[in-house]
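Novice: Here is my input, please return the structure:
(one chain, ligands or ions: 1)
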Amino acid sequence: MKIVIGTRTLSSWSLRGWLAAKQSGLPFTTECIEMDSPEWQSGTAKKALPSGKVPLLIDGQTPVWDSMAIILWLADKGGHDRYWPREYPARALAYAMTAEMHSGFVALRSACPMNLQKAFPDFEPSAAVLADVARIDALWSDARARFGSETDLPWLFGPLGAADIMFAPVVYRIHHYHLPVSITARLYVDAMLAHPWMQEWNRDAHAEELRHDLYPVPGGVPA
Ligand SMILES: N[C@@H](CCC(=O)N[C@@H](CS)C(=O)NCC(=O)O)C(=O)O
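Specialist: Next up, the predicted model:
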């Protein structure tokens with residue numbers, strides 16, 4: 001299996017696909033397409049991608065694109081228990097919040113693009129961004145209160161799963177843009193930041209040399 005990703009510093013959807021591949025427990029290789037390369041910018045590199053976007057999983061001869069489809073495919077192959085809680089009420093919430101993240105939170109996503117090499121301590125979130133963060137905080141707190149067990153702290157539903165994977169870039173956004181969250185959410189953010197796979201991704205991101213500021217946000221200091 002191969003997962004094709006974009007620049008680690010910038011590509012939030014690639015982080016999801018790559019974490020999903022890690023969580024499968026199956027062997028895979030990673031191919032990174034630099035998003036500030038002339039090939040990506042001119043559209044040449046995108047021609048090899050069915051949707052023109054990353055991540056793309058190639059399993060043998062089978063291409064699977066879109067982070068949500070990659071999670072579904074890998075759950076079929078690697079085992080649903082690796083991604084989804086076993087109990088039905090918990091599973092319903094995990095499905096719903098994973099899908100809500102996949103399709104929503106546009107204000108947060110557009111105002112706070114993921115950039116792992118920069119922090120924005122003076123960022124002033126709009127009301128729409130604060131509303132998105134409050135909704136995410138409420139979802140995390142609900143999952144933790146109802147289904148996260150003390151022994152399996154700090155994940156949302158016990159072991160790391162699809163919901164954690166889908167929210168992973170939000171963890172970085174909260175951290176890098178200094179967005180206000182509850183203590184419960186902050187503990188979750190800190191635990192996710194300390195996860196070995198997040199650390200590996202972050203380390204590799206910091207090794208990247210970016211030629212352009214593709215998603216400029218005013219201000220910012222090195223992270
Ligand atoms: N819904 C897709 C979104 C993928 C996506 O937008 N990827 C970005 C990189 S983070 C991309 O390839 N953008 C290229 C473009 O839109 O031209 C998913 O879940 O994988």
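
Novice: Give the closest residue to Ala185 in space, chain neighbours not counted.
Specialist: Spatial nearest neighbour of Ala185, excluding adjacent residues (Cβ to Cβ, 6 or more residues apart in numbering): Asp137 at 4.5 Å. Just so you know, the C-beta spots here come from the backbone N, C-alpha and C atoms, and that holds for glycine as well.

Novice: Kindly apply the preceding question to Lys118 instead.
Specialist: Spatial nearest neighbour of Lys118, chain neighbours left out: Gly220 (4.2 Å); criterion: Cβ to Cβ, 6+ apart.

Novice: what does stretch 135-155 contact?
Specialist: Residues from elsewhere that reach stretch 135-155 (Cβ atoms under 8 Å, 6 or more residues apart in numbering): 85, 87, 89-90, 93-94, 97, 100-101, 105, 108, 156-159, 161, 163-164, 167, 170, 181-182, 184-185, 187-188, 190-192.

Novice: Now, of those residues, which are buried?
Specialist: 85, 90, 93-94, 97, 101, 105, 108, 156-158, 161, 163-164, 167, 170, 181, 184-185, 188, 191-192 (16 or more other Cβ atoms under 10 Å).

Novice: and those residues near the ligand, which?
Specialist: Checking the buried ones among the contacts of stretch 135-155 against the ligand by Cβ under 6 Å from any ligand atom, not one of them is in range.

Novice: care to break this structure down by domain?
Specialist: Domain assignment for the chain by automatic domain parsing gives 2-80, 85-202.

Novice: now the ones you listed in JSON lines, with mean pLDDT?
Specialist: Formatted as JSON lines, the domains of the chain follow (pLDDT from 0 to 100):
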{"stretch": "domain 2-80", "mean pLDDT": "96"}
{"stretch": "domain 85-202", "mean pLDDT": "94"}
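
Novice: Columns distance to Leu214 on top of the ones you listed, output as CSV?
Specialist: Shown next, in CSV, are the domains of the chain (distance: least, Cβ to Cβ, whole Å):
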stretch, distance to Leu214
domain 2-80, 6
domain 85-202, 8
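
Novice: No further questions, thank you.
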